[in-house]
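Q: attaching a predicted model along with its sequence, questions to come.
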Amino acid sequence: MTVESERRRQPRFRVSVPVQLGSGEHVFRGVLKDLCREAALVAIKDGLEMGSAVALVLQLPGTGGPLQIGGKVVRVAAGEPGTGDVAILFDHVSPAAETRIDFFIALQAG
C-alpha cells in the first residue's frame, strides 16, 4: 500500500468519462480520471486555481442521467502534455448523487 493510498479515507477508481466543470462564468470541458465518494480528479486544458468553487457535471456509465456535484479545487498539477490535473473535493452532493456514485463504484469494484 502506498503512502498516498493510506491517506485516503475512500478507495478511488480510475475512469475515463467526459465531464464539464463550471466556475463562475467559465465552463471547462475535461475528462474524469479517477473518482471516489468524496473527490474526483479531472484533466482539463484550461487551468483552475486552488480554492476555486466548481460545479462538476458528469454522467457515470450505468447510473442514469447526468449528475451535478459541487466542490472545491484542492490540488492543481501538470498532467499530460497540454493539460492540467485538477483535484476536486466534493462539498455539495445530494443524497441521490451519493447513491449513484456508490453504485458506480460498486460496479467498478465488481
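A: Received the coordinates, thanks.

Q: tell me the secondary structure for Thr99?
A: Three-state assignment for Thr99 (DSSP: H, G, I helix; E, B strand; the rest coil): helix.

Q: report how many residues lie close to it.
A: 12 (other CB atoms under 10 Å). From N, CA and C alone the C-beta is placed, and that goes for glycine too.

Q: that one and Ile69, how far apart?
A: 13 Å (CB to CB, to the nearest Å).

Q: could I get the full set of helices for this protein?
A: 3-7, 95-109 (DSSP state H).

Q: so which residue is dead centre in this structure?
A: With distances taken as CA atoms, centre = their mean, the residue of the chain nearest its centroid is Ala40 (2.4 Å).

Q: surely that one touches Asp85?
A: No. With contacts counted by CB atoms under 8 Å, Ala40 stays clear of Asp85, the gap being 10.5 Å.

Q: mind listing what Arg100 touches?
A: 60, 63-64, 67 (CB atoms under 8 Å, 6 or more residues apart in numbering).

Q: can you tell me which of those residues is nearest Val76?
A: Val76 lies nearest to Leu67 out of the contacts of Arg100, by CB to CB, at 22.7 Å.
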